[in-house]
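Chemist: just to be clear, the model below is a prediction. Sequence and coordinates:
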Amino acid sequence: MAELSETEATPATGQPTVIVDDLHVVYRVIGAANGQDKGNSANALKRLLLRQQRPSVKEVHAIRGISFTAYEGDAIGVVGRNGSGKSTLMRAIAGLLPASQGAVYALGQPSFLGVNAALMSGLSGERNVELGCLAMGMSREEARERHDDIVEFSGLDESIKMPMRTYSTGMGARLRFAIAAAKSHDVLIVDEALATGDRDFRQKSEKRIQELRKEAGTVFLVSHSMKQITRTCNRAIWVDEGVIRMDGEAESVVQAYLDENS
């Protein structure tokens with residue numbers, strides 16, 4: 001497979017926003033070495049009662065020395081098979097996972113938006129809009145000013161007054177993105193949060209990502225939709241078994257990935 005010799009195929013449009021320097025992330029999984037005990041709480045309790053030896057600890061080297069630089073105006077698609085390390089890499093960039101070795105340097109605090117991004121399930125969507133805006137640093141007045149636009153973007157209409165626990169997965173994902181997209185970010189990470197929306201919402205979201213790029217931000221988009229990557233991103237990174245297989249122009253990386261995984 002042809003690989004790029006350089007890590008940046010498109011010209012930089014501004015200053016660096018994220019520098020990933022020889023990043024390693026290692027998980028420690030309790031009891032993973034013993035297949036019969038996996039997920040079996042009864043066996044774990046039995047060991048405790050009988051004072052048996054604690055289960056072994058298995059190390060999973062999820063990210064293995066990844067390095068790259070992202071710049072202002074980049075929209076970077078992140079592709080790879082399930083378990084390749086994509087989401088782990090994004091969570092490390094967002095500061096949600098510690099580096100076992102190496103470092104991540106970011107301009108400001110990256111904002112992580114995933115399908116399971118936290119909102120308060122017992123509160124209404126309306127209340128979550130306010131809390132989400134405040135959490136992003138807006139004043140109460142700014143939150144009130146953005147409220148109607150956020151609700152319109154989400155397409156929730158009267159459902160915005162209902163508790164979040166009554167929402168479908170798609171409704172929750174739409175609201176999360178609508179809140180996150182209500183302001184510009186130095187770095188915005190979108191991890192599969194657009195996959196659960198309908199076609200109209202995905203089109204609006206892709207347009208908003210392009211607008212965020214023009215506002216001198218950097219967007220990372222993790223998606224299994226190669227069309228979404230090529231429509232939205234100028235650059236793509238292919239992660240495979242915890243390392244970067246290819247980093248360059250989005251269409252070239254996507255084609256190489258499809259050629260190997262078709």
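Modeler: Structure's in. What do you need?
Chemist: rest of the way, CA atoms for contacts and neighbours
Modeler: Fine.
Chemist: where does the prediction get shaky in the stretch 151-262 of the chain?
Modeler: Counting by pLDDT under 70, the ranges of the stretch 151-262 of the chain that qualify are 193-197, 216.
Chemist: show me the helices in it, by range?
Modeler: Ranges of helices within the stretch 151-262 of the chain are 169-180, 199-214, 226-232, 250-261, based on DSSP state H, counting those that start in this stretch.
Chemist: just say which of those helices is most tucked in.
Modeler: When the helices of the stretch 151-262 of the chain are scored by mean count of other C-alpha atoms under 10 Å, the highest mean neighbour count falls to helix 169-180 (a mean of 22).
Chemist: against which helices or strands is that one packed?
Modeler: Here helix 169-180 touches strand 111-114, helix 125-135, helix 140-154, going by 3 or more C-alpha pairs under 8 Å, 6 or more residues apart in numbering; DSSP states H and E.
Chemist: mind putting the ones you listed into CSV with distance to P16?
Modeler: Shown next, in CSV, are the helices and strands packed on helix 169-180 (distance: least, C-alpha to C-alpha, whole Å):
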stretch, distance to P16
strand 111-114, 16
helix 125-135, 25
helix 140-154, 29
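Chemist: with only the CA atoms kept, save stretch 90-104 in CSV.
Modeler: What follows is stretch 90-104, C-alpha atoms only, in CSV (Å, rounded to 0.1, in the frame of the first residue of the first chain):
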residue,chain,number,x,y,z
MET,A,90,-9.5,11.3,20.6
ARG,A,91,-10.2,10.9,24.3
ALA,A,92,-6.5,11.3,25.0
ILE,A,93,-6.4,14.5,22.9
ALA,A,94,-9.5,15.8,24.9
GLY,A,95,-7.7,15.1,28.1
LEU,A,96,-10.1,12.4,29.2
LEU,A,97,-7.4,9.7,29.2
PRO,A,98,-3.9,10.1,30.6
ALA,A,99,-0.9,9.4,28.4
SER,A,100,1.3,6.5,29.5
GLN,A,101,4.2,7.9,27.5
GLY,A,102,4.6,11.0,25.3
ALA,A,103,2.3,14.1,25.4
VAL,A,104,-0.5,16.0,23.9
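Chemist: weakest of the helices and strands packed on helix 169-180 in terms of mean pLDDT?
Modeler: Mean pLDDT is lowest for strand 111-114 out of these, coming in at a mean of 77.
Chemist: and that one, C-alpha only, in CSV?
Modeler: The C-alpha coordinates for strand 111-114 follow below in CSV (Å, rounded to 0.1, in the frame of the first residue of the first chain):
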residue,chain,number,x,y,z
SER,A,111,-14.2,19.9,23.4
PHE,A,112,-15.2,16.3,23.1
LEU,A,113,-18.6,15.4,21.6
GLY,A,114,-19.6,11.8,21.5
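Chemist: neighbouring contacts of that strand?
Modeler: Residues outside strand 111-114 that contact it (C-alpha atoms under 8 Å, 6 or more residues apart in numbering) are 90-91, 94, 173, 176-177, 180, 185, 187-193.
Chemist: just among the residues you listed, which is most surrounded?
Modeler: Ranked by the number of neighbours (other C-alpha atoms under 10 Å), the contacts of strand 111-114 place V187 first, at 30 neighbours.
Chemist: dump the residue contacts of that one.
Modeler: So V187 contacts T17, V18, L107, G108, Q109, P110, S111, G217, T218, V219, F220 (C-alpha under 8 Å, 6+ apart).
Chemist: list buried residues within those residues.
Modeler: T17, V18, L107, P110, S111, G217, T218, V219, F220 (16 or more other C-alpha atoms under 10 Å).
Chemist: now do the same for the second one: helix, strand or coil?
Modeler: The three-state label given to V18 by DSSP: H, G, I helix; E, B strand; the rest coil is strand.
Chemist: show me the beta-bridge partners of it.
Modeler: Here V18 shows beta-bridge partners A70, A106, assigned using DSSP bridges.
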